[in-house]
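*Asks:* coords below, sequence missing:
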């Protein structure tokens with residue numbers, strides 16, 4: 001197995017782990033620049049665009065915190081009728097973005113995502 005194939009399988013493993021969290025209906029791993037690295041998403045969605053917009057949301061929240069002289073956010077949570085989106089860093093170069101259905105306990109999910117993000121930070 002080449003190093004590239006090993007990395008691809010590791011990314012897929014992280015995606016599977018994220019999808020196992022109760023209430024997760026879709027997710028992506030992306031670079032902080034918004035370049036898609038891995039996904040589990042329904043058909044008909046522009047996943048590269050979702051990854052890019054997720055990176056933009058996180059970067060904007062971090063910039064707003066910086067100019068306000070407060071700590072960077074641990075997560076960006078967007079709520080809507082029928083779903084929520086959670087975006088968070090997973091190390092200096094990577095982020096994870098998830099779509100949560102209405103049954104999800106967002107705080108419990110966030111705690112699990114924090115553990116997964118730490119693992120991702122070690123690998124990517």
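*Replies:* Yep, it's here. Given the structure is predicted, the values throughout are model-derived calculations rather than measurements.
*Asks:* Now do stretch 36-51: distance from first to last residue.
*Replies:* End-to-end distance for stretch 36-51: 6 Å, by C-alpha to C-alpha, to the nearest Å.
*Asks:* Report the buried residues of it.
*Replies:* Residues 36, 37, 38, 39, 40, 41, 47, 50, 51 are the ones in stretch 36-51 that count as buried (16 or more other C-beta atoms under 10 Å). Just so you know, the C-beta spots here come from the backbone N, C-alpha and C atoms, and that holds for glycine as well.
*Asks:* May I ask which helix or strand encompasses residue 98?
*Replies:* strand 94-100 (DSSP states H and E).
*Asks:* same question but for residue 66, I mixed them up
*Replies:* Per DSSP H and E: helix 47-67 holds residue 66.
*Asks:* Which residues does that helix contact?
*Replies:* 28, 30-36, 39, 41, 71-73, 76, 78, 85, 87-89, 95, 97 (C-beta atoms under 8 Å, 6 or more residues apart in numbering).
*Asks:* Low-confidence stretches in the protein?
*Replies:* For the chain, the stretches flagged by pLDDT under 70 are 1-5.
*Asks:* just the helices in it please.
*Replies:* Per DSSP state H, the chain carries helices over the ranges 3-19, 47-67, 106-123.
*Asks:* which other residues reach the first one?
*Replies:* Residues from elsewhere that reach helix 3-19, judged by C-beta under 8 Å, 6+ apart: 1, 24, 27, 29, 37-40, 96, 98, 113, 116, 119-120, 123-124.
*Asks:* hang on, the earlier thing: now, of the contacts of helix 47-67, which are buried?
*Replies:* 28, 30, 32, 34, 36, 39, 41, 76, 85, 87-89, 95, 97.
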